[in-house]
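>>> Prediction below, plus the sequence it came from.
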Amino acid sequence: QVQLVESGGGLVETGGSLRLSCVAPGAILSINDMGWHRQAPGKERELAAHISINGISNNKDSMRGRFTISRDNTKNTVYLEIENLRPEDTSVYYCYGGIIDSTGYDRRWGKGTQVTVSS
């Protein structure tokens, strides 16, 4: 199965912004829900943002206002914009998507992109 591919991570100073992208490559019929999780060193993975096929989004309460998720269904891509980055946002960010292709439905993940926020 083809995994999703994230990009856009990197090293950013406190207060900066990033835009993460995640594309689902291959012959895809449709993508149901999409979203992002993150995992900081020594911590459990947590939901950062989720978006439905109709564009209805939600975030974890602590991230609301700084994290904006969006998607482009024509490009099979989901985005996560993070503003006013803080050192505690340092994590590996993983995207996921509910993929529908010729094999059926499956939730697939990317390998992650590292975001590091310097203080």
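Great, that's in hand.

>>> so who does the residue nearest the centre of the chain touch?
Geometric centre of the chain, nearest residue: residue 36, 3.1 Å, by Cα atoms, centre = their mean. Each residue near residue 36 by Cβ atoms under 8 Å, 6 or more residues apart in numbering is listed here: 20, 22, 47-50, 69, 78, 80, 93-96. C-beta here means a position set from N, CA and C on the backbone, and glycine is covered the same way.

>>> Just the local confidence number for residue 62, please.
On pLDDT, residue 62 comes in at 77.

>>> cool, residue 28 as well?
Listed pLDDT for residue 28 reads 91.

>>> count of residues packed around the closest residue to residue 110 other than its chain neighbours?
Leaving out its chain neighbours, the residue that sits closest to residue 110 by Cβ to Cβ, 6 or more residues apart in numbering is residue 4, at 3.9 Å. Residue 4 has 22 neighbouring residues, counting by other Cβ atoms under 10 Å.

>>> Quick check: residue 4 vs residue 54, distance?
Here the distance between residue 4 and residue 54 works out to 20 Å (Cβ to Cβ, to the nearest Å).

>>> Also residue 19?
From residue 19 across to residue 54, the span is 22 Å (Cβ to Cβ).

>>> These two: which has the busier surroundings?
Neighbours per residue, other Cβ under 10 Å: of residue 19 and residue 54, the larger number sits with residue 19, 13 against 8.

>>> Fine by me, we can end here.
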